[in-house]
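# I would like the atomic coordinates for the input below:
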Amino acid sequence: MLQVLHAHIQPAGHRSRKSRLVGKDGRCNIEFGNIRYRNHLGYVVDFWTTFVEIRWRFVLLLFVASFIGSWFVFSLLWYWIAKSNGDLTGQNRTDGHVRCVDNMDGLTTAFLYSLETQTTIGYGGRALTGHCTGAVALIVVQSLIGVFINCFMCGVILAKISLPKNRAKTVTFSDTAVICLNKERLCLLIRVANLRKTLLIGSQIYGKLVRTTTTPDGDTVILDQVDIDFVVDAGKDNLFFVCPMTLCHAIDRSSPFYELSADSLPQQDFELVVFLDGTAESTSSSCQVRTSYVPQEIQWGYSFLPIISRTKTGKYRVDFSNFSKSVRVTAPHCVRCFEKDGDGRQRKSGIDNPGFQVIDIHDSVDVTRM
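Predicted coordinates for the structure are as follows:
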């Protein structure tokens, strides 16, 4: 009863909010179901990618378990060798008995010897005598396995630290997108900034409009994708990403936003996913940054505040306090309102005054005489 009452008193905007395909942080909101059992074996075959992609908590658990587990397993083998040779406390030893390992008389000392052997500590209290052939073979096997575990775990941790997606965390998009006039065109603008001084080489920017559509045959296509082209003043590819840039998508007849208006935009159901691909200058690793915008995050008739200025010392300063801030500007209500007619003149939105006469003034004519 309380849940029903709570659902009725929720704000309308909260009830109509839909989940994103791509979050603002770039994570994809998708779930795979009914995967066949044999397909799960692919995660085992591709074990390196599986270990690199698992969460840190599981990596640390694997790190601790692999070392302690190997120490304990080999301690049991050392204990078995010592027991077979009669080295343990309480066993009847004859005069002149030679131990396999000195000062190893129980499971605890066997575990300590296993740890000291695999980590190459060698305190000197326990040492192999060379009397037992099995002990010599065991110490060789344990040393090789210990080196393999060390290399594998160090590689996993290093690979996780240097993942390209960690570099992507220092590239940020504006919280909202705006639609305003830009160079005499109605455009959708998005800001992107690189928070590091090192560049992203070969940066490429593109977008996807994700929405649910219906085909002429009546079939419903979920997550239908439409390409969205973005450009900046410096071009489209191989951008000089040294300071924040403004991505621009011209809303023309080829744009999927052509039929939208300032009133119909909030009622739309789509998601604009923006991608930025590049190569990190310091690590030469490729990375991809992505974010998404829903209609409620696109402001019609707004423009971004300027953020780049020049200091007295001659340096260029970027004010990130205004990175996502926008201000209301004059913009047409829809694209059709701004279209040009067949004569190339802009359509008039006012009332014609028949008493107004247009006179051409030529600069070459000197109308002032002394």
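# where along the protein do the strands fall?
171-173, 177-181, 186-194, 200-214, 220-228, 245-250, 270-280, 286-293, 298-300, 302-304, 308-310, 316-318, 326-328 (DSSP state E).
# what pLDDT, on average, does the third one get?
When you say that, I think you mean strand 186-194. For strand 186-194, the mean pLDDT works out to 92.
# before we move on, what about stretch 95-109?
84.
# buried residues in it?
99-101, 104-105, 107, 109 (16 or more other C-beta atoms under 10 Å). For the C-beta atoms, the positions are set from N, CA and C on the backbone; glycine is no exception.
# So which of those residues belong to helices?
107, 109 (DSSP state H).
# can you redo the buried residues of stretch 95-109 as JSON lines with distance to Phe320?
Formatted as JSON lines, the buried residues of stretch 95-109 follow (distance: C-beta to C-beta, whole Å):
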{"residue": "Arg99", "distance to Phe320": "69"}
{"residue": "Cys100", "distance to Phe320": "67"}
{"residue": "Val101", "distance to Phe320": "63"}
{"residue": "Met104", "distance to Phe320": "63"}
{"residue": "Asp105", "distance to Phe320": "67"}
{"residue": "Leu107", "distance to Phe320": "60"}
{"residue": "Thr109", "distance to Phe320": "61"}
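# quick check, nearest of the buried residues of stretch 95-109 to Arg328?
Closest approach between the buried residues of stretch 95-109 and Arg328, by C-beta to C-beta: Leu107, at 76.8 Å.
# doesn't Ser75 make contact with the closest one?
Yes. Here Leu107 reaches Ser75: they are 6.8 Å apart, a contact under C-beta atoms under 8 Å.
# Stretch 259-273 - what's its average pLDDT?
90.
# measure it end to end?
End-to-end span of stretch 259-273 (C-alpha to C-alpha, to the nearest Å): 19 Å.
# now that stretch, how far from the chain's geometric center?
From the chain centre to the centre of stretch 259-273 is a distance of 26 Å (C-alpha atoms, centre = their mean, to the nearest Å).
# In that stretch, which residues are buried?
In stretch 259-273, counting by 16+ other C-beta under 10 Å, buried: 260, 265, 270-273.
# ok, so of those residues, who is nearest Leu200?
Val273 (18.8 Å).
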